[in-house]
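Participant: fold the following, please.
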Amino acid sequence: MARTAHRSLRKVSGGRYRSYRTKRKFELAGLPIMTKLDFEKKVLVLRTLGGHEKRALLSAKEINVTDKNGKTTKTEMVNVVENPANPNLVRRNVITKGAVVETKLGKARVTSRPGQEGVVNGILV
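Facilitator: Numbering: from 1, shown residues only. Here you go, the predicted structure:
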């Protein structure tokens with residue numbers, strides 16, 4: 001069965017929505033891109049609706065860190081320390097939004113979506 005990004009079949013109350021049409025090709029959901037902490041940067045270019053491009057980050061080693069004063073510095077990531085979304089992603093060094101990463105400047109929380117935006121941004125914790 002195909003993964004789709006359209007409305008669920010169930011209501012919040014548990015009732016059922018009756019579908020007025022079948023699934024469409026443009027509603028297909030892609031597989032999640034697990035951005036890994038690696039030695040080199042790898043980017044995958046995906047075609048999206050309307051012929052536009054989305055850059056998906058497959059692996060990264062650098063992060064743009066913003067401190068409390070608003071100054072942004074590019075620094076190297078050392079390790080993934082914590083991920084509130086899924087603790088199993090920490091063992092695999094997978095970077096997602098909200099993950100806490102150890103850098104040379106200190107710990108930073110990732111604020112961007114690397115698998116969607118193609119860049120890793122964060123703020124110092």
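
Participant: got a list of what the nearest residue to residue 67 once chain neighbours are set aside touches?
Facilitator: In space, and not counting its chain neighbours, residue 67 is closest to residue 124: 5.1 Å by C-beta to C-beta, 6 or more residues apart in numbering. The way it works is simple: take the backbone N, C-alpha and C, and place the C-beta from them, glycine included. Listed by C-beta atoms under 8 Å, 6 or more residues apart in numbering, the contact set of residue 124 reads 65-68, 105-108.

Participant: so what sits opposite residue 124 in the bridge?
Facilitator: Residue 124 has these beta-bridge partners by DSSP bridges: residue 108.

Participant: rewinding a little: sort out which of the contacts of residue 124 are buried, if you could.
Facilitator: 65, 107-108 (16 or more other C-beta atoms under 10 Å).

Participant: what's the closest of those residues to residue 38?
Facilitator: residue 108 (17.5 Å; C-beta to C-beta).

Participant: ok, that closest one touching residue 99?
Facilitator: No - contact criterion C-beta atoms under 8 Å: residue 108 and residue 99 do not qualify, at 9.4 Å.

Participant: in the strand ranked longest in the chain, what counts as buried?
Facilitator: Counting residues, the longest strand found in the chain (DSSP state E) is strand 72-82. Of the residues in strand 72-82, 77, 80 count as buried by neighbour count, 16+ other C-beta under 10 Å.

Participant: for that strand, give me every contacting residue.
Facilitator: 37, 60-67, 89-90, 93-95, 99-105, 107, 120.
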